[in-house]
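Chemist: based on what follows, work out the 3D shape:
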Amino acid sequence: MAEKKDKKIEEKREGRGGVLQALALTTTIGMEMAITVVLGYFGGRYLDQMLGTGPWLLLVGVLGGLAAGMLGVYKTLKGFLGE
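Modeler: You can find the predicted model right below:
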């Protein structure tokens, strides 16, 4: 009887751990993408104001931030999956 209770308690703990891991992974991916794109935006905007180049460096910054975010997501998923 006690063994059944122990198994049920362990199953509940594993289920919560899976949900919390998924939440942590999702949050990490979202933050990586958001932070890199926002930094690229503000960096490109700042350089455009300093150099008077119009929106071109802003676009380069956003695309660079997007690429950096995708690389970060790849590395995060690679570490999460244990490859």
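
Chemist: tell me the contacts of the residue nearest the centre of the chain?
Modeler: For the chain, the residue nearest the mean C-alpha position is I29 (1.8 Å; C-alpha atoms, centre = their mean). Listed by C-beta atoms under 8 Å, 6 or more residues apart in numbering, the contact partners of I29 are 73, 76-77. Quick note: C-beta positions are derived from backbone N, CA and C, even for glycine.

Chemist: ok, 10 Å please
Modeler: 69, 72-73, 76-77, 80 (C-beta atoms under 10 Å, 6 or more residues apart in numbering).

Chemist: can you tell me which of those residues are buried?
Modeler: If you count burial by 16 or more other C-beta atoms under 10 Å, the buried members of those come out as 69, 72-73.

Chemist: which of the residues you listed fall within helices?
Modeler: Among the buried ones among the contacts of I29, the members found in helices (DSSP state H) are 69, 72-73.

Chemist: which residues does K75 contact?
Modeler: E32.

Chemist: what comes up buried for whichever strand or helix holds it?
Modeler: Assigned by DSSP states H and E, K75 belongs to helix 56-81. In terms of neighbour count (16+ other C-beta under 10 Å), helix 56-81 has its buried residues at 57-58, 60-62, 64-65, 68-69, 72-73.
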